[in-house]
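Student: quick one: sequence plus predicted model below, questions after.
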Amino acid sequence: MGKSNRPEGESKRRDHKKRLASNRKLLTPPSIAFLIEVDAFHDTITLAIRVLISGLEGKYESAVKAMLTLNWAACEGVGEESAYVRVRREGGTERERKGGK
């Protein structure tokens, strides 16, 4: 009994797989290429990153120039903590420490 049902069950499974495959082909649209859109997206992201980097460079450029022109040999010593860091650690703002609001 078990041997006679086995081929029939396998045949049903194969038929079911074939029907699933044909249904999948019917439901799947033909190949759609988004290459142009993907390229445009990448170009947009690249431009956005360049703009962000340009903005950052503009923000720190003056500080870097000041550091480069500073005569470091003339500095007596470098403290480990700036006044700003000390005030922040103590829980206030620099303006509050100077008496302003």
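Tutor: Alright, I've got the coordinates. Since the structure is predicted, the reported quantities are computational estimates derived from the model, not experimental observations.
Student: report the secondary structure state of residue 51.
Tutor: Recorded secondary structure, residue 51: helix (DSSP: H, G, I helix; E, B strand; the rest coil).
Student: swap in residue 20?
Tutor: Under three-state DSSP, residue 20 comes out as helix.
Student: check it and give its pLDDT.
Tutor: We have a pLDDT of 81 for residue 20.
Student: the helices in the protein, which residues?
Tutor: 2-27, 35-69, 83-89, 94-97 (DSSP state H).
Student: need those helices in a markdown table with distance to residue 75 and mean neighbour count, can you?
Tutor: Every residue, glycine included, has its C-beta placed from N, CA and C. Formatted as a markdown table, the helices of the chain follow (distance: least, C-beta to C-beta, whole Å; neighbours: other C-beta atoms under 10 Å):
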| stretch | distance to residue 75 | mean neighbour count |
| --- | --- | --- |
| helix 2-27 | 73 | 9 |
| helix 35-69 | 12 | 10 |
| helix 83-89 | 16 | 11 |
| helix 94-97 | 22 | 12 |
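Student: weakest of those in terms of mean pLDDT?
Tutor: helix 94-97 (a mean of 60).
Student: still on that earlier bit, now the helices of the chain as TSV including distance to residue 77?
Tutor: Listed next are the helices of the chain as TSV, based on distance: least, C-beta to C-beta, whole Å:
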stretch	distance to residue 77
helix 2-27	75
helix 35-69	17
helix 83-89	15
helix 94-97	22
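Student: any idea how far residue 42 is from residue 65?
Tutor: 34 Å (C-beta to C-beta, to the nearest Å).
Student: an error on my part: the question was meant for residue 25.
Tutor: 65 Å.
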